[in-house]
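Colleague: below is the sequence, then the predicted model.
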Amino acid sequence: MSRHLEPISDYLERHHILQYMEDAINQLLEHKEETPKLVPARFLSDYFRSVHEGKNVLFREFEYVSSSPRNRKALVSLFWRCFNKLTGHRELLSVKEYHSLLCLLCYDFPLDIVQNTAHIVLMEDSLDCLMSFVDFVYAFQIQFFYEEYLSVCREVYDHLANDSSIVVPTSNTWQQKKKNSPQSSNEGVSSQALFEAIEKLTIKLPKGCSRPSPEIIRNELSKSLKITYYGLLMSLSRNELINSGIGVLPDRVNAHNNDE
């Protein structure tokens, strides 16, 4: 019985095999200088075991940590496992404190990702407000894992918010009618127009970037006629289908129960 076989090049690219091979060799050469008696086969075996177990991102630079969906999942998982008990009992932390925790795992983790996560949790509130660990980690998962996709969503949202008569594009270029009165981004935009424009603009995503299922996005946006950008992200951070699809955090109900 014949079956369709995925081209080797597509398989290698989809799973970032060559990227891991290159990093493994670079790591081997660095450690070989420090430990001349190092056994290459054993080192490579340990390296790929750590990738499989999600331990490979610990104490690595952000460029590596963010370089593949597997690595991003691994960091979210490590962040949860290392700090969910430490920050339990409904303790509230600030943006700077969450950033410090992430830097314990990845020394050069960007502050702006943590700030963007806080915007999801706090919506219109000041970033000086404190956040629970559970609220933060589920929003962080969305912001970090889907960062490139959310960048496209933000671009689409800003265009729609600045011109309510914008036409959904048929190419990479935005076409506009004569502008009506601009609407405040705080008031939200048409949920239907936002979904249609996002679907058109996802062609701008770099190959291999993660994105939620269009059906999930459609379902979330269909719940209201208008929505704000951070309102959409908040709903995605609470969507259990997205959470289970990423597959590293427990469902929010269990997370809250464990936090009590």
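Modeller: The structure has been received and is ready for your questions.
Colleague: which residues does residue 190 bridge with?
Modeller: residue 226 (DSSP bridges).
Colleague: pretty sure it contacts residue 228?
Modeller: No. Contact criterion Cβ atoms under 8 Å: residue 190 and residue 228 do not qualify, at 11.8 Å. From N, CA and C alone the C-beta is placed, and that goes for glycine too.
Colleague: mind listing the strands in this structure by residue range?
Modeller: 92-93, 131-132, 189-190, 226-227 (DSSP state E).
Colleague: I'd say residue 72 and residue 145 touch.
Modeller: Yes. Under the criterion of Cβ under 8 Å, residue 72 makes contact with residue 145 at 5.0 Å.
Colleague: name the residues contacting each of those two.
Modeller: By Cβ atoms under 8 Å, 6 or more residues apart in numbering, residue 72 and residue 145 have these common neighbours: residue 210.
Colleague: let me know the outermost residue of this structure.
Modeller: No residue in the chain sits farther from the centre than residue 37, which is 39.8 Å out by Cα atoms, centre = their mean.
Colleague: ok so, going back, in terms of packing, which of residue 190 and residue 228 has more residues around it?
Modeller: For residue 190 versus residue 228, neighbours defined as other Cβ atoms under 10 Å are more numerous around residue 228 (20 against 17).
Colleague: who's in contact with the closest residue to the more buried one other than its chain neighbours?
Modeller: Leaving out its chain neighbours, the residue that sits closest to residue 228 by Cβ to Cβ, 6 or more residues apart in numbering is residue 188, at 4.5 Å. Listed by Cβ under 8 Å, 6+ apart, the contact partners of residue 188 are 226-228, 231.
Colleague: next: residue 216.
Modeller: 236, 239, 241-242.
Colleague: pull the most distant pair out of those residues.
Modeller: Pairwise distances across those (Cβ to Cβ) peak at 9.9 Å, for the pair 236 and 241.
Colleague: many thanks, have a good one.
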